[in-house]
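# Pasting a predicted model and its sequence here:
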Amino acid sequence: MDTKLVVADFEDWREAVAEAIAVLEGDGVVALPTETVYGLAADAFNAEAVARVFEVKERPSFDPLIVHIGHKRDLDLVAKVPEELEEVVDELVEAHWPGPLTLVLPKREDVPDLVTSGLGTVAVRLSAHEVMRAVAREIPIAAPSANRFGRISPTSAQAVMEELGGKIPLVIDGGACRDGLESTIVAPEMTEKGPILRLLRPGPIPKEELRKIAKVVKPKRSKEDHVEAPGQIESHYAPATPLVVVERPEDFIPEEGLRYGLLSYRGEGKGSLMEATEWAHTEVMSPGKGKLAEGAVRLFYCLRSLDAAGVDVIVAEAVSETGVGVAMMDRLRRAAAGSKK
Ligand code: AMP
Ligand code: MG
């Protein structure tokens, strides 16, 4: 299959949106830009099209998709917000939609089970990217990241082409992703003491922001120590090259004869591994002073470059676990777990 690449022009992206909608109406799938990472979109209410998403991604059906809506008011099309949660949901939506926040809520019956992997809940978000929102206003979209399952998420149309070129009919190029990491996912719950937010996946909206709205707690764990809510698969975001995260510079002892690639945060300064060995390839996420938000935007891009550089091992420097640094370390640790498989 030839994959058509259509650029969503900054001034007029309507044509690109119309092309995407035409594919979706024909039961097809299309890669669309969002502010987090590119998504592989299908009509959320068309089970056959949703099945195609799983097939193209080689994604196991136990890993549910996120539903993208086009207006705040469309939340009711896919979810049933319990009365007791209305207030906290309103506050979250007012503060963070459109934006990189996904809410897990009880689902409406007509959302296909395949979208939610048979769960009674659905993950919903309203993207800040004009193109995704314009498409979702016409058709609610089910979309996971537009990469092969378990691999590095795409933050550019080029990266989508590398992942899925030849497998899907259309990719809409909406530029580089503004945030560069998958959305923050929370499941609001009511307790005797008031509402809480279970943080199912850290993302661009940090805990510090969520805390202003309600108490933030960890996901539930079952007796077997398996995370109850899906999507917390330990190995994910994995390059094909083995990756290690070095938490303290003194822990890195290079082995003779191996070609190492470095994923550095700032490129120099305290804690940097720049001088630790002769690197075959280096990528710096936020050169100079180091800004976590810039690092987050560039993380997957840099990982992709390192993966293509033909090194034996990718060494990732740890970043400080504050703000979006929590999400960055989450992705790096899972990338390390995944690359061992
Ligand atoms: P991806 O598009 O690859 O970022 O994957 C979407 C992720 O959303 C899944 O892997 C889950 O983490 C999460 N998710 C979707 N639906 C639910 C749900 N009903 N409950 C908990 N997490 C969910
Ligand atoms: Mg993904």
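Yes, it's here. Ligands and ions are numbered 1, 2, ... in the order given.

# As PDB, could you dump the C-alpha coordinates of the worst-scoring helix or strand of the chain on mean pLDDT?
Taking mean pLDDT, DSSP states H and E as the measure, the chain has helix 325-339 as its least confident helix or strand, at a mean of 94. Extracted as PDB, the C-alpha positions of helix 325-339 are listed here (Å, rounded to 0.1, in the frame of the first residue of the first chain):
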ATOM      1  CA  GLY A 325      10.900  14.900  34.500                       C
ATOM      2  CA  VAL A 326       8.700  12.200  36.200                       C
ATOM      3  CA  ALA A 327       7.200  11.300  32.800                       C
ATOM      4  CA  MET A 328      10.600  11.400  31.100                       C
ATOM      5  CA  MET A 329      12.100   9.000  33.600                       C
ATOM      6  CA  ASP A 330       8.900   6.800  33.300                       C
ATOM      7  CA  ARG A 331       9.500   6.500  29.500                       C
ATOM      8  CA  LEU A 332      13.200   6.000  29.800                       C
ATOM      9  CA  ARG A 333      12.800   3.200  32.400                       C
ATOM     10  CA  ARG A 334      10.200   1.400  30.200                       C
ATOM     11  CA  ALA A 335      12.400   1.900  27.200                       C
ATOM     12  CA  ALA A 336      15.200   0.200  29.100                       C
ATOM     13  CA  ALA A 337      12.900  -2.700  30.200                       C
ATOM     14  CA  GLY A 338      11.600  -3.100  26.600                       C
ATOM     15  CA  SER A 339      15.000  -3.100  24.900                       C
END
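
# what's the burial count for residue 177?
25 (other Cβ atoms under 10 Å). C-betas here are computed from N, CA, C, even on glycine.

# count of neighbours near the residue nearest to it when sequence neighbours are not counted?
Leaving out its chain neighbours, the residue that sits closest to residue 177 by Cβ to Cβ, 6 or more residues apart in numbering is residue 155, at 4.3 Å. Using other Cβ under 10 Å, the number of residues around residue 155 comes to 27.

# repeat for residue 291
Using other Cβ under 10 Å, residue 291 is surrounded by 15 other residues.

# still on that earlier bit, what is the distance between the least confident helix or strand of the chain and the centre of its chain?
12 Å (Cα atoms, centre = their mean, to the nearest Å).

# Other residues contacting it?
150, 152, 181, 184, 201-204, 206-207, 233-245, 263, 292, 295-296, 299-300, 303, 314, 316, 318-319, 321 (Cβ atoms under 8 Å, 6 or more residues apart in numbering).

# Can you sort out which of those residues also neighbour ligand 1?
residue 201 (Cβ under 6 Å from any ligand atom).

# Please pick the buried ones from the contacts of helix 325-339.
Neighbour-count burial (16 or more other Cβ atoms under 10 Å) is assigned, among the contacts of helix 325-339, to 150, 152, 181, 184, 201-204, 206-207, 233, 236-239, 241, 243-245, 263, 292, 295-296, 299-300, 303, 314, 316, 318-319.

# Mind checking which of those residues are in strands?
Judged by DSSP state E, the buried ones among the contacts of helix 325-339 include 184, 201, 243, 244, 245, 263, 314, 316 as members of strands.

# which one among the residues you listed gets closest to ligand 1?
For those, the closest approach to ligand 1 (Cβ to the nearest ligand atom) belongs to residue 201, at 5.4 Å.

# Quick check: bridge partners of that closest one?
residue 185 (DSSP bridges).

# any idea of the pLDDT on it?
Listed pLDDT for residue 201 reads 95.

# Likewise for residue 114?
97.

# so which helix or strand takes in it?
Assessed by DSSP states H and E, residue 114 sits inside helix 113-116.

# Can you point out the buried residues in that helix?
Buried-residue list, helix 113-116, by 16+ other Cβ under 10 Å: 114, 115, 116.

# ok, and the closest non-adjacent residue to the second one?
To tie it back to what came earlier, the one meant is residue 115. Leaving aside its chain neighbours, residue 115 sits nearest to residue 142 (4.8 Å; criterion: Cβ to Cβ, 6+ apart).

# what residues are up against the one you found?
Counting by Cβ under 8 Å, 6+ apart, residue 142 makes contact with 41, 42, 43, 44, 50, 53, 65, 66, 67, 68, 115.

# Taking those together, which two end up most distant?
Maximum pairwise distance among those (Cβ to Cβ): 14.1 Å, between 43 and 66.

# Those two: which is more packed in?
residue 66 (26 against 23).

# so what's residue 66 bridging to?
Applying DSSP bridges to residue 66, the residues it is bridged with are residue 123, residue 143.

# For ligand 1, see how far away it is.
5 Å (Cβ to the nearest ligand atom, to the nearest Å).

# Ok, residue 292 next?
20 Å.

# Same question for residue 189.
Taking Cβ to the nearest ligand atom, one finds residue 189 at 12 Å from ligand 1.

# residues contacting that residue?
85, 195, 196, 197, 198.

# what does the model give the closest residue to the fourth one other than its chain neighbours for pLDDT?
Translated: residue 197. Nearest non-adjacent residue to residue 197, counting by Cβ to Cβ, 6+ apart: residue 186, 4.4 Å away. At residue 186, the pLDDT value in this model is 98.

# I'd assumed residue 199 was in contact with residue 186.
Yes. Counting by Cβ atoms under 8 Å, residue 186 touches residue 199, with 5.7 Å between them.

# the helices in the stretch 101-250 of the chain, which residues?
113-116, 130-138, 157-164, 207-210 (DSSP state H, counting those that start in this stretch).
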